[in-house]
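*Asks:* Next come a sequence and a model predicted from it.
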Amino acid sequence: MKLYLIWQNDNDGYDTYDSAVVVAESEEDAKTIHPYNKEPVTEIDGGYSSWTWTTINNVNVKYIGEAAENQKRGVICASFNAG
């Protein structure tokens with residue numbers, strides 16, 4: 001498993017996530033992880049997967065390192081802009 005920084009610049013209002021550090025198998029897998037870690041990210045009518053994040057096509061991903069062997073897929077830390 002690998003560590004990735006994911007972020008989006010599409011949905012920047014109050015009560016939204018702008019980024020997260022996640023554990024995933026690949027960059028494509030990282031794009032599907034929602035920073036809240038409970039909602040799957042999907043393409044819904046070309047709009048937001050939820051009002052708090054964005055769609056898979058608008059998620060940016062940067063590889064940042066290797067995860068510990070026992071680390072499970074999901075969110076390590078997320079940035080939420082409370083309103």
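*Replies:* Cool, the structure landed.

*Asks:* Make sure Val21 is actually in contact with Ser79.
*Replies:* No: using C-beta atoms under 8 Å, Val21 is not in contact with Ser79, being 9.3 Å away. Yep, even glycine has a C-beta here, placed from its N, CA and C like the rest.

*Asks:* what about the two, which has more around it?
*Replies:* Neighbours around Val21 and Ser79, counted as other C-beta atoms under 10 Å, are more numerous at Val21. The numbers are 19 against 12.

*Asks:* Mind giving me the packing neighbours of the helix or strand encompassing that one?
*Replies:* Val21 is part of strand 16-24 when elements are defined by DSSP states H and E. Secondary-structure packing of strand 16-24 (3 or more C-beta pairs under 8 Å, 6 or more residues apart in numbering; DSSP states H and E): strand 2-7, strand 74-81.

*Asks:* average model confidence for the first one?
*Replies:* To tie it back to what came earlier, the one meant is strand 2-7. The average pLDDT for strand 2-7 rounds to 98.
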